[in-house]
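Chemist: Pasting a predicted model and its sequence here:
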Amino acid sequence: MVARLWPGQDQMSLEARLASLPVGRQAALVGMALGALLAGAFVAATYGWIGILVYFGVVMLLVG
């Protein structure tokens, strides 16, 4: 997901960079990413089923 948001970086270099961080920092970054996805889901849910569909579409683009 981060590689999609960080132009000019490929997934392998970002994974190596993440692996070089201390475990606590890795956990914090993963937690922030999951928290952002959860917050986005709550915001999208306020717009009903259309918001959820748009949210799922954005998530699929980021993850896929």
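Modeler: Yep, that arrived.
Chemist: in the helix or strand harbouring Ala28, what counts as buried?
Modeler: In the assignment (DSSP states H and E), Ala28 maps to helix 23-45. Buried residues in helix 23-45, counted by 16 or more other C-beta atoms under 10 Å: Ala44. Any C-beta I mention is one placed from the backbone N, CA and C, and that applies to glycine too.
Chemist: repeat for stretch 49-59
Modeler: Applying 16+ other C-beta under 10 Å to stretch 49-59 flags Tyr55 as buried.
Chemist: begin at 641 from here
Modeler: Renumbered: residue one is now 641, and that last one reads stretch 689-699.
Chemist: before we move on, the earlier item: format the CA atom coordinates belonging to the helix holding Ala668 as CSV.
Modeler: Extracted in CSV, the C-alpha atoms of helix 663-685 (Å, rounded to 0.1, in the frame of the first residue of the first chain):
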residue,chain,number,x,y,z
VAL,A,663,10.3,-3.7,15.5
GLY,A,664,8.5,-1.1,17.5
ARG,A,665,8.7,1.4,14.6
GLN,A,666,7.5,-1.2,12.2
ALA,A,667,4.5,-2.0,14.5
ALA,A,668,3.7,1.8,14.7
LEU,A,669,3.8,2.2,10.9
VAL,A,670,1.5,-0.8,10.4
GLY,A,671,-0.8,0.4,13.1
MET,A,672,-1.0,3.9,11.5
ALA,A,673,-1.8,2.4,8.1
LEU,A,674,-4.5,0.2,9.5
GLY,A,675,-5.9,3.1,11.6
ALA,A,676,-6.0,5.2,8.4
LEU,A,677,-7.9,2.5,6.6
LEU,A,678,-10.4,2.1,9.5
ALA,A,679,-10.9,5.9,9.7
GLY,A,680,-11.5,6.0,6.0
ALA,A,681,-14.1,3.2,6.3
PHE,A,682,-16.0,5.1,9.0
VAL,A,683,-16.0,8.3,6.9
ALA,A,684,-17.1,6.4,3.8
ALA,A,685,-19.9,4.7,5.9
